[in-house]
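Q: Quick one, fold the following:
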Amino acid sequence: MDLEELRSLTMNDRRLMKEILRALIEDASLHAGVLEAAARERDGARSAKVARAAWRACANIGATAAADSFREIERHVGRRDSPAGDRLLATVRAEIERLRVEAGGL
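A: As a prediction, this is how the structure comes out:
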């Protein structure tokens, strides 16, 4: 998490930083759930669209590791490699949890 980016966006308002992180965590968690459903249904178009929206949202506030994880899923969609997809989803979930921990420390 690029806290300097988030501080800049919020003019160093800690309460606003927490609110934004909470909203991002909720949104990213929802996106991860949709990605899991899309993977089960083998819906590559939906997976790509959801992953793209999620990585952009994460990148906009400096959550670069989470953004990178969602972006990797977007790239992966065309390969249809299920074990790799499962690993990538696990990475996304881990990055979301890491954001929760960082939000708790603000």
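
Q: from the middle of its chain, how far away would the helix or strand of the chain with the lowest mean pLDDT be?
A: Among the helical and strand segments of the chain, the one scoring lowest on mean pLDDT, DSSP states H and E is helix 82-104, with a mean of 84. Helix 82-104 sits 8 Å away from the centroid of its parent chain (Cα atoms, centre = their mean, to the nearest Å).

Q: buried ones in that helix?
A: 85, 88-89, 91-93, 95-96, 99, 103 (16 or more other Cβ atoms under 10 Å). Using the backbone N, CA and C atoms, a C-beta is placed for each residue, glycine as well.

Q: In terms of distance to residue 28, which of the residues you listed ranks first?
A: residue 96 (5.1 Å; Cβ to Cβ).

Q: Show the contacting residues for that closest one.
A: 25, 28-29, 32, 66 (Cβ atoms under 8 Å, 6 or more residues apart in numbering).

Q: Any stretches of this structure with poor pLDDT?
A: 78-84 (pLDDT under 70).
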